[in-house]
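>>> heads up, no residue letters with this:
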């Protein structure tokens, strides 16, 4: 059965890659012979730095290009060092440079530090830990994680670009990610089916709550950072900017909701196997009791994630002592409240949904197995024969 799941994953990945490559994107940047490449600083020729030179100032440097069309070339360049771009160059420093050619003369500007090797090392350590600690299940988790990344990058984003409803696109991607991830981790079973139903239901509920709140609170998804860039993209594509905010809530809530759904479903499956005589109502109550213990911690996980993302604006609010009415009616704060609470309510609603579905399906499956065993034993169960 596991081979069939992996075959299904391979087929889906191939289909997604074909779809991704079929999307034609309108070039938004003129082709001006500009290229980004790796380079090494050979020498710092001149520098004009402020007191805090690592974050402000200009340096003239000699660079050796180590990748791309001009690999091996030695050029002089400029590093306009700032908080977001540029780099504080020292001899031997690896950087990324922006190269442009005019009449066979190469102009180089330091774009940023070369962070590709540290990123690769961190990813490898992460994958190794999942493999070592998780064993075979850890490998399945890695495959599920890679699949999730591909779905978001090669299906979700192109669907948005082509003009699909952001909410609809998010539901499709959430469904695919949920089914494959849970089947890889839990296998094909009633437990997995219950977790899938609960996850999709909880995530969609979170999105619908966000939509309703956004309508009532006049949050339309147009007032956030980088919206000007997205509007420019919208002018050259079919992108629906206003719906991106609400569809992103489905994606961001998926992990926590899936965790709750799978945990409750697994727990109820274990309880049912140990005490198959429990009726639907008692099994449902057990699921609710298990879920209540998880709601607090998982809600904190989601809320704290959004608080962490809002740390910059919260510091500004604290430093300037903004009045309460101003804070509660700030657009950014409204978005964070909507995202955090709607995602948390999705988690809360997942518990009764999974509990009800699991209790009903497990008890029905148990009765079916008992009936089959009774028929095979000539109309009597094994316990009745023993008596």
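Nice, I can see it. The shown structure was predicted, so the numbers you read here are calculated from the model rather than taken from an experiment.

>>> residue contacts, the nearest residue to residue 158 once chain neighbours are set aside?
If the residues on either side of it in the chain are set aside, residue 158 comes closest to residue 23, at 4.6 Å by C-beta to C-beta, 6 or more residues apart in numbering. The way it works is simple: take the backbone N, C-alpha and C, and place the C-beta from them, glycine included. For residue 23, the contacting residues are 158, 161, 162, by C-beta atoms under 8 Å, 6 or more residues apart in numbering.

>>> Tell me how far residue 23 lies from residue 238.
When distances are taken as C-beta to C-beta, to the nearest Å, residue 23 and residue 238 turn out to be 11 Å apart.

>>> and for the two, which residues touch both?
In terms of C-beta under 8 Å, 6+ apart, residue 23 and residue 238 are both contacted by the residues 161, 162.

>>> could you point out which element follows the strand ranked longest in the chain?
Longest strand in the chain by number of residues, with DSSP state E as the criterion: strand 34-49. Later in the chain than strand 34-49, the nearest helix or strand by DSSP states H and E is strand 57-65.

>>> and the angle from that following strand to strand 34-49?
Here the directions of strand 57-65 and strand 34-49 differ by 140 degrees (axes from the mean of the first three to the mean of the last three C-alpha atoms, to 10 degrees).

>>> and strand 57-65, how far out from the chain's middle?
Averaging C-alpha positions (C-alpha atoms, centre = their mean, to the nearest Å) puts strand 57-65 37 Å from its chain's average.

>>> Which strands border that strand, and is each parallel or antiparallel?
Based on DSSP bridges, the pairing partners of strand 57-65 within the sheet are strand 34-49 (antiparallel), strand 74-81 (antiparallel).

>>> Let's have those in TSV, adding mean pLDDT and mean neighbour count.
Compiled in TSV, the strands paired with strand 57-65 are given as follows (pLDDT from 0 to 100; neighbours: other C-beta atoms under 10 Å):
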stretch	mean pLDDT	mean neighbour count
strand 34-49	89	16
strand 74-81	88	19
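
>>> mind checking which of those is nearest residue 182?
Shortest distance between residue 182 and these, using C-beta to C-beta, is found for strand 34-49: 39.2 Å.

>>> Residue 75 is in contact with residue 106, isn't it?
Yes. Shown here, residue 75 and residue 106 form a contact pair, counting by C-beta atoms under 8 Å, at 5.0 Å.

>>> all strands of the stretch 51-200 of the chain, in order?
Shown for the stretch 51-200 of the chain, the strands assigned by DSSP state E, counting those that start in this stretch span residues 57-65, 74-81, 94-102, 105-113.

>>> okay if I get those strands as CSV plus distance to residue 284?
What follows is the strands of the stretch 51-200 of the chain, written out as CSV (distance: least, C-beta to C-beta, whole Å):
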stretch, distance to residue 284
strand 57-65, 65
strand 74-81, 61
strand 94-102, 56
strand 105-113, 54
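
>>> of those strands, which approaches residue 120 most closely?
strand 94-102 (13.1 Å).

>>> Where do the helices of the stretch 101-250 of the chain begin and end?
Remark: helices assigned in the stretch 101-250 of the chain by DSSP state H, counting those that start in this stretch are 116-151, 157-162, 166-186, 190-216, 227-235, 241-274.

>>> To residue 329, which of these lies closest?
Set against residue 329 and scored by C-beta to C-beta, those come closest in helix 190-216, at 13.7 Å.

>>> For that closest one, list every residue counted as buried.
For helix 190-216, the neighbour count (16 or more other C-beta atoms under 10 Å) marks 190-211, 213-214 as buried.

>>> do the same with stretch 85-97
By neighbour count on 16+ other C-beta under 10 Å, the buried set for stretch 85-97 is 86, 87, 88, 89, 93, 95, 96, 97.

>>> Can you find the helix or strand of this protein with the lowest average pLDDT?
Every helix and strand of the chain was ranked by mean pLDDT, DSSP states H and E. The lowest is helix 382-386, at a mean of 50.

>>> tell me which of the buried residues of stretch 85-97 is nearest to residue 130?
Proximity of those to residue 130 (C-beta to C-beta) peaks at residue 96, which lies at 29.1 Å.
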